[in-house]
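*Asks:* From the sequence below, what's the structure:
(chains A and B)
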Amino acid sequence: MRQRLLTAVTAAVLVAGPAFADLTIIDTSYRTGPYAANGIPFSDGYQDYFTLLNERDGGIGGEKINLVECETGYNTEKGVECYEGTKGAGNGALLYQPLSTGITYQLIPKATADGIPLHTMGYGRTSSKNGGVFPFVFNYPANYWDGASHAITHILEQNGGDISGKKIALVFHNSAYGKEPIRTLEELGKKHGFEVMLLPVDHPGQEQKSQWLQIRQQRPDYVLMWGWGVMNQVAIQEAVNIRFPMENFIGIWWSGSENDVKAAGAGANGYKALAFHNLGSNYPVYDDLRKYVVDAGKAAGAGDQLGTVLYNRGMYAAILAAEAIKTAQEMHGTAAINASQMRDGMENLDMTEAKMTALGVPNFGPEFKVSCQNHGGNGYGAVSQWDAAAGEFKLITDYYQSDQEVISALVAEDSAAFAAENGITPGC
Amino acid sequence: MFYREAGDFKTSYTDDSQTFPIKFDRYRYYVVLIAAFAVIPFLINDYWVNAVLLPFLIYSIAAIGLNILVGYCGQVSLGTGGFMAVGAFAVYKLMTAFPEISIFIHVILAGGITAGVGVLFGLPSLRIKGFYLAVATLAAQFFLVWLFNRVPWFYNYSASGQISAPERSFLGVPITGAQTAPWAAYLFCLVFCVACALIARNLTRGMAGRKWMAIRDMDIAAEIIGVNPLKAKLSAFGVSSFFVGISGALFFAVYLGAVEVGEAFGINKSFLVLFMVIIGGLGSIFGSFAGAAFLVLLPVLLKNTLVGGLGWPTDLAAHLEFMIVGAMIIVFLIAEPHGLAQLWRIAKEKLRLWPFPH
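*Replies:* Next comes the predicted model:
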């Protein structure tokens, strides 16, 4: 048995040597399992943008990007295997984008010890916004607690600023991811006088009959959803089945892609989801993507995801990563940056409208500036709505800022608890 | 030629009843132990430890635990994931409540707590058997996961319900947390794994094991010859859960460092460990290791061959991996229903006579 073990290990290590290249970015994707429908477009967008940079500009600052993909299946054990297997790829991995809150929780201590930055864009541990405690973790431009606040702000707007006595249900994935907004919602509930009703859904989320029965019986005024993967489709279908008014059903940005609503057909019309970046494919960068990547046959996956919500989000993640690399290259005067220089680049990232226009994505996301104290951006987000006839999500509001008063206090509290638990002295 | 018994004389009962009575077997066992303790720690890096060796050792402990219950005592259990969760949450509560006490003791205590919970959920086994017992233990699985999700005390009221292992050391060497050296984590788990295997092996060779096997083979006959089914079944549940609890504690504290109960200890984990036991061989300690090795190492090996070696797309490789592992399970079970342990036994029998089989 040990002999088999040894041969297996030797073979595994012999074949694990990846190609040598300059700027190594790891894409821990999931193209299999119950979350694949959401994992595929994100990963395609993330990879295609780097391919575009390689094909059109010859990389960033003359250094080619080596993108290493590793399949996690949204599974934490495979995530660890991916992390350990890829962190030494090329000249050393520069950045991880785990796209899973569970894997993020695992990688926070590991990546911090190894000095590799993590970008958990709109997910992960919310209090990692406090860069003094989490020097290697970034969650700009928005986090879950911002999202909870955006949803409440939107509801406030619709009710003329008064939602006292209303009942708001939260249908959430019963995991670290889904539980994140609960405390914020409870705090906001105290502030605005609404009641929060919690309805957990267990992984993977195909069974939601009892939750929606409760909604039918107790008639909450609004339903918020923190779902992912197959859970989104099922929830939206159930909401349609009980004839819940779709305009009162608001999902987090991870519950607002085409895959989630299409299955429910015309009934899903009017479903709302949050967004922290713009939607659609009406951007100059798409012309380049088609010309250099898709038409050249170099697109990731099947190449059929362009313009979808999650493809845009993956592309946005890649844009932010590429801009952080540029910032790091300018700061350190070298094109071949290492992971710690990448971290500096991320911490000094300044996304301005001028920059986005120059990249071919005008008005794509809110402006924000990262600093040591604030790794999470300014917490701007908007609400999008599904138009079933046109088959697309459209932003229906401007970007508004989350309730910083409530959220800053929660971030400070949670990060202080983490620092105390792990013996970290916060400092910038 | 190998495994030759000729000339290997035993002059005492102790010699005659040792675990490895054949000289070659015994030396092979010592060589494996020396390699595991004195050679491998110097060769390994983070990848070997975290992707290959730790999961192998930890799942081996879980498989040994389940094998005692299913393989030796004949009580089918689908609650392994839930019992691993008990071990993980017990060690978490102990680590955070008593930070000054050594992690080594915490892991053993976590095993003890799990044993208690296991005995409690083993009580129905006195009245129900077979598939019905499997369903009862399935209830334990869902109840325990629900409990750890539902009661915030278990996860120290953290916002996300995740538990994260703080840094703890044993004899001054960090064992949990990010600063752990690969060899330290490996040796820590190896010590537990070897100790569990030795205890399990000797328990199953002794009176306790014979009682379990009597219950497994025919419980009414066992009762008639004087085996107390209450004691035998509950001790099997207790000992099994003790091992499973230790594996859960190590799985959380040393291997993953942060877990979420629904994802890490769901029903899939129960099935995975049960498959390890079935593929490895019911009622065999070696089978537990073989089954764990098969289901932990094969996917990693396939992935590295297909993606790293051949450069195939990751999704294609992941799907192929499911198919290949699934097909191999079927092939193995058709070729040898008693598992990898039986194949090894047959190989040894052949080697004993080789090269003169007649």
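*Asks:* Show the contacting residues for residue 174.
*Replies:* As the question left the chain open, I've gone with chain A. Shown in contact with A:Asn174 (C-beta atoms under 8 Å, 6 or more residues apart in numbering or on different chains): A:200-203, B:149, B:262. (Glycine included, C-beta is placed from N, CA and C.)
*Asks:* um, chain B though
*Replies:* B:167-168, B:180-181, B:184.
*Asks:* Go again with 10 Å.
*Replies:* Applying C-beta atoms under 10 Å, 6 or more residues apart in numbering or on different chains to B:Pro174 gives the contacts B:103, B:167-168, B:180-181, B:184-185.
*Asks:* quick one: least confident helix or strand in chain A?
*Replies:* Counting by mean pLDDT, DSSP states H and E, the weakest-scoring helix or strand in chain A turns out to be helix A:2-15, with a mean of 45.
*Asks:* what's the following helix or strand past that helix packed up against?
*Replies:* Following helix A:2-15 in sequence order, the next helix or strand is strand A:23-29 (DSSP states H and E). For strand A:23-29, the packing partners by 3 or more C-beta pairs under 10 Å, 6 or more residues apart in numbering or on different chains; DSSP states H and E come out as helix A:36-57, strand A:65-71, helix A:76-86, strand A:93-96, helix A:309-332, helix A:339-347, helix B:314-335.
*Asks:* Next, the angle strand A:65-71 makes with strand A:23-29.
*Replies:* Compare the direction of strand A:23-29 with that of strand A:65-71 by axes from the mean of the first three to the mean of the last three C-alpha atoms, to 10 degrees and you get 20 degrees.
*Asks:* Now find how far off-centre strand A:23-29 is within its chain.
*Replies:* Taking C-alpha atoms, centre = their mean, to the nearest Å, one finds strand A:23-29 lying 15 Å from the centre of the chain it belongs to.
*Asks:* Helix, strand or coil: sort out the residue lying closest to B:Ala115 once chain neighbours are set aside for me.
*Replies:* Nearest residue to B:Ala115 in three dimensions, chain neighbours excluded: B:Phe242, at 4.0 Å (C-beta to C-beta, 6 or more residues apart in numbering or on different chains). Secondary structure state of B:Phe242, per DSSP: H, G, I helix; E, B strand; the rest coil, is helix.
*Asks:* can you count the residues close to B:Phe242?
*Replies:* By other C-beta atoms under 10 Å in any protein chain shown, 26 other residues sit near B:Phe242.
*Asks:* how far away is it from chain A?
*Replies:* Taking C-beta to the nearest C-beta, to the nearest Å as the measure, B:Phe242 falls 23 Å from chain A.
*Asks:* list the contacts for that residue?
*Replies:* B:Phe242 is in contact with B:65, B:68, B:83, B:87, B:108, B:110-116, B:118-119, B:196, B:199, counting by C-beta under 10 Å, 6+ apart.
*Asks:* Write the PyMOL selection for whichever of those residues are buried.
*Replies:* Selection of buried members from these for PyMOL, criterion 16 or more other C-beta atoms under 10 Å in any protein chain shown:
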select buried, chain B and resi 65+68+83+87+108+110+111+112+113+114+115+118+119+196
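*Asks:* Show the pLDDT at the residue nearest to B:Tyr255 when sequence neighbours are not counted.
*Replies:* Using C-beta to C-beta, 6+ apart and skipping the chain neighbours, the partner closest in space to B:Tyr255 is B:Leu54 (4.6 Å). Predicted confidence (pLDDT) for B:Leu54: 94.
*Asks:* From what I see, B:Leu54 and B:Tyr186 are in contact.
*Replies:* Yes. Assessed by C-beta atoms under 10 Å, B:Leu54 is found in contact with B:Tyr186 at 6.8 Å.
*Asks:* Between the two, which contacts overlap?
*Replies:* What both B:Leu54 and B:Tyr186 touch, as defined by C-beta under 10 Å, 6+ apart, is the set B:48, B:254.
*Asks:* so what's residue 99 up against?
*Replies:* Unless you meant another one, I'm taking chain A. Applying C-beta under 10 Å, 6+ apart, we find A:Leu99 in contact with A:27-30, A:35, A:38-39, A:42-43, A:46, A:72, A:74, A:79, A:120-124, A:228, A:254, A:310, A:313-314, A:317.
*Asks:* Chain B, not that one
*Replies:* B:106, B:166-168.
*Asks:* Does A:Val230 touch A:Gly39 like I think?
*Replies:* No. With contact defined as C-beta under 10 Å, A:Val230 does not count as touching A:Gly39 (11.5 Å).
*Asks:* out of those two, which sits in the busier spot?
*Replies:* More crowded of A:Val230 and A:Gly39, by other C-beta under 10 Å: A:Gly39, with 27 against 21.
*Asks:* ok, now how distant is that one from chain B?
*Replies:* A:Gly39 sits at a distance of 9 Å from chain B (criterion: C-beta to the nearest C-beta).
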